[in-house]
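[1] turn this into a model:
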Amino acid sequence: MGANMTSITEFTLLGFPLALRIQMLLFGIFSLFYAFTLLGNGLILGLIWLDCRLHTPMYFFLSHLAIVDIAYACNTVPQMLVNLLKPDQPISFAGCMTQTFLFLTFAVTECLLLVVMSYDRYVAICHPLRYPVIMSWRLCIMLVVTSWTFGVLLSLIHLMLLLPLPFCRSQKINHFFCEIMALLKLVCADTHINEIVVLAGAISVLVGPFSSIVISYMCILCAILRIQSGEGQRKAFSTCSSHLCVVGLFYGTAIITYVGPRYGNPKEQKKYLLLFHSLFNPMLNSLIYSLRNSEVKNALKRVLGAHLGGSRFPGPGNLDLD
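    Presented below is the predicted three-dimensional model:
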């Protein structure tokens, strides 16, 4: 069967085979986006930590989403930037497997966190009087721990199925990071089971959770339409708009990449979709939640003005967003 797994010590990421001038331009643009991602999500984490008015379930979940977005970018972007400067710079076998594991972990965790956040909005709007009781801190912590645990366990399954496979083809990965399907193309053994597990995992963590989010927002819409005042409807809609934008960006690219139909040049399409998924999504998430959220903007003003304080648990999910 040729060289087996133990003889493979490194891989080469092909990234984006473009002219040197374009690669330098992309390096500058991607570096800027990477900095914005770290600063934006770091700012959200800092505000939630410093301002006790944001110590609510909604922002507790948002803080973990910001952590995932930072980790997403840190896992894939630095290696991509290195390859833009030095296209032949290899990545070690252990580093490649670690990158694959972490990417899958963060992807699954973010899927589940978005479901948890939709449930939080459902309770806040459909059961506002019972919100503090239902969304207790014990439940919030349990939901977050469950999301991270499922992310780690599902990624371990993929990794354990990948590690025993013999890599005896070209060690050049046609991607900007060690994406699992790109890795499977370098294996000289039968990868049918691995591909089925990847597809089944994608369906279970994308289609299933997305369906539950859709059901949650159908219930939310029905509840909003029953609100008599126009101002109440506006506030209820606005508290969900940021989350809906993030859900659309994340699930849209992920479902098209791993579950959607294949047409044209699927390898290149997946590469650019995952670039959007890994670099632009984390940056846009922080912008969406900071620019569309009056509480985050007010918290920034309070922190800058050294006027911290407020209630720790202001009831039904902070509906005063714009």
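[2] CA only for contacts and neighbour counts going forward, please
    OK.
[3] which stretch of helix or strand covers the residue sitting nearest the centre point of the chain?
    Relative to the mean C-alpha position of the chain, the nearest C-alpha, by Cα atoms, centre = their mean, is the one of Glu110, at 4.5 Å. Using DSSP states H and E, Glu110 maps to helix 93-126.
[4] and the helix or strand that that helix is followed by, which residues are buried?
    Later in the chain than helix 93-126, the nearest helix or strand by DSSP H and E is helix 131-134. Of the residues in helix 131-134, 131-132, 134 count as buried by neighbour count, 16 or more other Cα atoms under 10 Å.
[5] need these in JSON lines (columns: pLDDT and distance to Ile193).
    Listed next are those as JSON lines, based on pLDDT from 0 to 100; distance: Cα to Cα, whole Å:
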{"residue": "Tyr131", "pLDDT": "91", "distance to Ile193": "44"}
{"residue": "Pro132", "pLDDT": "91", "distance to Ile193": "45"}
{"residue": "Ile134", "pLDDT": "93", "distance to Ile193": "41"}
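[6] would JSON lines of those with distance to Cys240 be doable?
    Shown next, in JSON lines, are the buried residues of helix 131-134 (distance: Cα to Cα, whole Å):
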{"residue": "Tyr131", "distance to Cys240": "16"}
{"residue": "Pro132", "distance to Cys240": "18"}
{"residue": "Ile134", "distance to Cys240": "19"}
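[7] so which of the residues you listed is the closest to Phe103?
    Phe103 lies nearest to Ile134 out of the buried residues of helix 131-134, by Cα to Cα, at 32.1 Å.
[8] mind listing what the nearest residue to the closest one once chain neighbours are set aside touches?
    Take Ile134 and drop its neighbours on the chain: the residue closest to it by Cα to Cα, 6 or more residues apart in numbering is Val123, 7.7 Å away. If you count contacts by Cα atoms under 8 Å, 6 or more residues apart in numbering, Val123 has them with 130-131, 134-135.
[9] isn't the residue nearest to the centre of the chain right up against Ile67?
    No. With contacts defined as Cα atoms under 8 Å, Glu110 does not count as touching Ile67, sitting 9.8 Å away.
[10] which stretches of the stretch 1-150 of the chain have low pLDDT?
    Filtered on pLDDT under 70, the stretch 1-150 of the chain yields the residue ranges 1-7.
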